[in-house]
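Participant: Predicted model and sequence below, questions to follow.
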Amino acid sequence: MLLPKPGERDLRLDLFRGLALWLIFLDHIPSNIVNWVTIRNYGFSDATEIFVFISGYTAAFVYGRAMREHGTLVAGARILKRTWQVYVAHIFLFAIYTAEISYVAHSFENPLYGEEMGIFDFLQQPDITLAQAMLLKFKPANMDVLPLYIVLLAGFPPMLWLLLRLPAVALGASALLYALTLYFEWNIPAYPAGNWVFNPFAWQMLFVFGAWCALGGAKKLSVVILSPITAALAILFLVFAFFIVLTWYIPGLDALVPRRLEEWMYPIDKTNLGPLRVAHFLSLAVLTVRMVPSDWPWLRSLWLRPAILCGQHSLEIFCLGVFLSFAAHFAMVEINPGVSMQVGTSLLGILLMIATASLISWYKRIEGRSPRSRPGPPGATLVGGGV
Amino acid sequence: MKPIVVALLCLLTGSAAVAKEGNECITAAGSTSPDFGLPHVAQAIAKKKLNIAVVGSASSELSGPAGTNIAYPTRLEETLRSLLPGVAVKVTTYARPREVASEMEAKLPRIISEAKPALVIWQTGTADAIRGIDPEEFRVSLDDGVDKIRAADADVVFMNMQYSPRTEAMLAVTAYADAMRIIALKREAVLFDRFTIMKRWNESGVFDLYGATRTTNVAERVHDCLGRLLADVVVTGAKLAPPADKGTQ
């Protein structure tokens, strides 16, 4: 079957995307003791992989149906509308960032930090940096995910068209682009120097793979995914990755890693979505699918509802998370940097994310756009491919 | 001679309270003992002549009238002289604001031939983070730099970025700090973890690193402590690795 059954909304996607949003929020607060819980400390991949994969999956789920029912033009136009929304959200976040950094630049002076003050240089030439920001070339710290998503969405209409007709060809083309990107080191230049932190030519592979899975690929792979051999390999790989990560922190352990392995393995590149990161993500995904079936009763429980709610409004909650991580850092700097503050702001941030997600749900319900108030599949405006 | 004059002045004006506060920062810094030895430093100490080159960017200097005299390289030199009596210690600073690791790596041969160091202290990371250099490129520069320094029979100590609480959310240093830590472990080079040390100072209240100030008071004391801690790392590292004739390297 090419498309998922109508109304078959997989709550697991919302759950894990919600969790990924929380982890990204925690990872973005500097010097936060709580971000030791995030997965990036235990393996090669992090929340970004979860996020991009699920976004590809939901985008195909929603717009694939739209393309089949209303045609290529309508679905393509909807995807581009969503792209525009994400772009606007990014510029909004940039405005908040600029406000914060301008405040700090004017209120802070200390000869010790002459060098660090260099990050305020861009305020001196707003003519250039603002234009570069709107062209998505100037991206301040921790604001790299939305530009990646904008490019992925903008390129999605033709890819979706191909995925619906020749899924294998589409997946192959995506993998080929990924391989060529790694080989020829293609990327988009950034301002003032370097390249995009998340290379869209490489990361598209995970997005398209997610989309392919949503359009029937997962079913084709189900024998492989559910095989005990795959599970064993995944566990072995996760243990291996954990050990390698330990060698990054504990002196002496590195001697246990053979030279040849190191030469083959490094660098484990985040910018270009290194193959080991993909393998690590896939291992996590395979085990998750095994342990959490789509009819898992817990998915309907009250306990997981907050994460699912956040995952259902991912663009809004992602943006809120970026803003809250600024705010949390601000609170630590201005009030108190202690552990209790770190834990407190982390928890408060997540609570605010949940509250906001509930509020958005409520708005959608009173406007009659909720999946419960309307029979049939959820509309594009609700899931919207998410972030 | 100027550093000595300053040191004397410090001794004359320094009260017991200042000395006590100075040791407070040493205690609060936590463990800074090097993970690996410094064989070439040990050799140089045995030969009674220790040249050190500090390669870095703006945070290896301090602006203002007393500038270089209060920055950590000078404090390192003074402390090493008192810790190693009879050894001619010379610390030369090659610091240029905004310089990134690849630029420093390119001028290492000139610095090495000029200063003939037994030890290169390589302070880097912040400028790369500000300019958004690809962390992978940064890592390669460090790796190549270690090759050059070791080929010239010298040891290397990496010094990572300062902990700057005010700018922490705006300047993503993690990727660069990780790269430095990983290269240091891989190449068995010493990492002087300035970031963690300064963070501990801030947390324990030894220094207020987020207070705004126009004076160099805090900066001066921070550099003094960094210089002394670094001197301890150099001496301990030399003890960890006996001179080459005893079989290391």
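Facilitator: Sure thing, it's come through.
Participant: okay, CA-based contacts and neighbour counts for the rest of this
Facilitator: Fine.
Participant: I'd like to know which residues of chain B are adjacent to chain A.
Facilitator: Counting by Cα under 8 Å from any Cα of the partner chain, the residues of chain B close to chain A are B:35, B:57-59, B:62-63, B:97-98, B:126-127, B:130-134, B:136, B:164-172, B:181-182, B:185-186, B:203, B:210-216, B:218-219.
Participant: Now the buried members of those residues.
Facilitator: Buried by 16 or more other Cα atoms under 10 Å in any protein chain shown: B:35, B:57-59, B:62-63, B:98, B:126-127, B:130-134, B:136, B:164-172, B:181-182, B:185-186, B:203, B:210, B:216, B:218-219, out of those.
Participant: Strands along chain B, start to end?
Facilitator: B:49-56, B:88-95, B:119-123, B:155-159, B:190-192 (DSSP state E).
Participant: Let's have the ones you listed in a markdown table, adding mean pLDDT, distance to A:Ser314 and mean neighbour count.
Facilitator: Formatted as a markdown table, the strands of chain B follow (pLDDT from 0 to 100; distance: least, Cα to Cα, whole Å; neighbours: other Cα atoms under 10 Å in any protein chain shown):
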| stretch | mean pLDDT | distance to A:Ser314 | mean neighbour count |
| --- | --- | --- | --- |
| strand B:49-56 | 97 | 43 | 24 |
| strand B:88-95 | 95 | 46 | 20 |
| strand B:119-123 | 97 | 40 | 26 |
| strand B:155-159 | 97 | 40 | 25 |
| strand B:190-192 | 95 | 40 | 26 |
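Participant: Put together CSV for those, with distance to B:Leu226 on each row.
Facilitator: Shown next, in CSV, are those (distance: least, Cα to Cα, whole Å):
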stretch, distance to B:Leu226
strand B:49-56, 13
strand B:88-95, 14
strand B:119-123, 12
strand B:155-159, 10
strand B:190-192, 10
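Participant: Indicate which one of these is closest to B:Ala28.
Facilitator: Closest of the strands of chain B to B:Ala28 is strand B:190-192, at 15.2 Å (criterion: Cα to Cα).
Participant: what lines up beside the closest one in the sheet?
Facilitator: In the sheet, strand B:190-192 lines up against strand B:155-159 (parallel) (DSSP bridges).
Participant: Centre-most residue in chain A?
Facilitator: The C-alpha lying nearest the average C-alpha coordinate of chain A belongs to A:Phe51 (Cα atoms, centre = their mean; 3.1 Å).
Participant: could you point out where the chain is predicted with low confidence?
Facilitator: Looking at chain A here, since you left the chain open. Low-confidence segments of chain A, defined by pLDDT under 70: A:1-8, A:369-387.
Participant: switch to chain B, that's the one I care about
Facilitator: For chain B, the stretches flagged by pLDDT under 70 are B:1-22, B:64-68, B:243-249.
Participant: List every C-alpha atom in the strand or helix carrying A:Val245, with coordinates, as PDB.
Facilitator: Using DSSP states H and E, A:Val245 sits within helix A:228-247. The C-alpha coordinates for helix A:228-247 follow below in PDB (Å, rounded to 0.1, in the frame of the first residue of the first chain):
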ATOM      1  CA  PRO A 228      16.100 -10.000  16.100                       C
ATOM      2  CA  ILE A 229      19.400  -9.900  14.200                       C
ATOM      3  CA  THR A 230      18.800  -6.200  13.400                       C
ATOM      4  CA  ALA A 231      18.000  -5.600  17.100                       C
ATOM      5  CA  ALA A 232      21.200  -7.300  18.200                       C
ATOM      6  CA  LEU A 233      23.300  -5.300  15.700                       C
ATOM      7  CA  ALA A 234      21.700  -2.100  16.900                       C
ATOM      8  CA  ILE A 235      22.400  -2.900  20.500                       C
ATOM      9  CA  LEU A 236      26.000  -3.700  19.700                       C
ATOM     10  CA  PHE A 237      26.400  -0.500  17.700                       C
ATOM     11  CA  LEU A 238      25.000   1.600  20.600                       C
ATOM     12  CA  VAL A 239      27.400   0.000  23.000                       C
ATOM     13  CA  PHE A 240      30.200   0.600  20.700                       C
ATOM     14  CA  ALA A 241      29.200   4.300  20.200                       C
ATOM     15  CA  PHE A 242      28.900   4.700  24.000                       C
ATOM     16  CA  PHE A 243      32.400   3.400  24.500                       C
ATOM     17  CA  ILE A 244      33.800   5.700  21.800                       C
ATOM     18  CA  VAL A 245      32.100   8.700  23.400                       C
ATOM     19  CA  LEU A 246      33.700   7.700  26.800                       C
ATOM     20  CA  THR A 247      37.200   7.900  25.100                       C
END
